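[1] Sequence first, predicted coordinates after that:
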Amino acid sequence: MTTSTALLLADLAGVAVFAASGASAAVAKRLDLFGVVFVGFVAALGGGIVRDLVIDEVPPLAFADWRYATTAAVTAGAIFWLHPQFARLRTTVLVLDAAGLGLFTVAGTLKALDAQVPPVGACLIGMITAIGGGLCRDLLTGEIPVVLRREIYAVAALAGSIVVVLLDGLGYAGPIPLVAAVLLVFGVRLVALRRRWSAPVAALRPPPRTGGITGPPD
């Protein structure tokens with residue numbers, strides 16, 4: 001198996017995992033078959049589509065290569081019919097999702113750097129590639145995006161993007177350093193899940209007590 005084939009298979013595996021995540025959320029919201037497949041497609045490929053549009057690569061890979069769209073649609077359709085059995089694999093899915101997060105982060109950042117995007121922009125594009133589909137999934141299903149309200153998810157992707165940019169700037173962009181960046185994102189995400197880490201949330205003060213409602217003066 002060549003390196004390019006291995007990378008393609010890993011990429012399609014990530015697409016399948018994110019499609020399954022999106023389809024599961026759609027099933028929970030009682031969407032019909034088309035809705036489940038559509039949400040699964042967007043969850044799997046939304047981040048990559050945004051990335052390609054930002055770096056002016058058209059048509060986006062999700063539309064140019066039929067294997068990506070097919071993988072997302074078939075996986076989402078399977079979840080529609082097999083969701084009771086799939087629900088029992090939640091731990092496995094979370095582990096695969098963390099792996100997909102790391103892979104998409106590194107791939108998105110490298111693609112931005114190859115398109116001559118400056119380092120800060122490349123970090124942001126790498127993060128958006130990894131979390132964009134999840135953002136779209138939650139918005140389509142009427143939820144505040146999870147990655148913005150409690151879980152260490154976007155932060156892990158951003159950290160991975162920064163590591164990739166630093167490695168590239170230092171000339172260490174070979175397979176081993178990039179695999180290390182994927183493992184960093186993967187590890188941070190799993191540890192955060194295990195220890196229930198979350199980003200700080202602003203503490204809101206309760207409104208002052210006025211002692212009840214008083215009527216107008218006589």
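    Nice, I can see it.

[2] When you work out contacts or count neighbours from here on, use the C-alpha atoms and nothing else.
    Noted.

[3] Does residue 51 touch residue 110 like I think?
    No. Using CA atoms under 8 Å, residue 51 is not in contact with residue 110; the gap is 11.2 Å.

[4] Now for the two: what residues contact both?
    Shared contacts of residue 51 and residue 110 (CA atoms under 8 Å, 6 or more residues apart in numbering): residue 126.

[5] Pick out whichever of those two has more residues nearby.
    Neighbour totals were compared for residue 51 and residue 110, and residue 51 leads with 27 against 23 (other CA atoms under 10 Å).

[6] could you check the distance from that one over to residue 103?
    To residue 103, residue 51 is 14 Å away according to CA to CA, to the nearest Å.

[7] Just give me how far the helix or strand hosting residue 80 sits from the chain centre.
    Element membership of residue 80 [criterion: DSSP states H and E] is helix 66-87. Distance of helix 66-87 from the chain centroid (CA atoms, centre = their mean, to the nearest Å) equals 17 Å.

[8] what comes into contact with it?
    Outside helix 66-87, the residues that reach it (CA under 8 Å, 6+ apart) are 12, 15-16, 19-20, 22-24, 27, 33, 36-38, 40-41, 44-45, 61-63.

[9] ok, now which ones touch the one residue sitting closest to the centre of the chain?
    The centroid of the chain falls nearest to residue 131 when counting by CA atoms, centre = their mean (2.9 Å). Listed by CA under 8 Å, 6+ apart, the contact set of residue 131 reads 47, 101, 147, 153, 154, 157.

[10] Mind putting those residues into TSV with secondary structure, distance to residue 201 and pLDDT?
    Output for the contacts of residue 131, formatted as TSV (DSSP: H, G, I helix; E, B strand; the rest coil; distance: CA to CA, whole Å; pLDDT from 0 to 100):
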residue	secondary structure	distance to residue 201	pLDDT
47	helix	25	89
101	helix	23	86
147	helix	13	76
153	coil	15	85
154	helix	15	87
157	helix	19	91
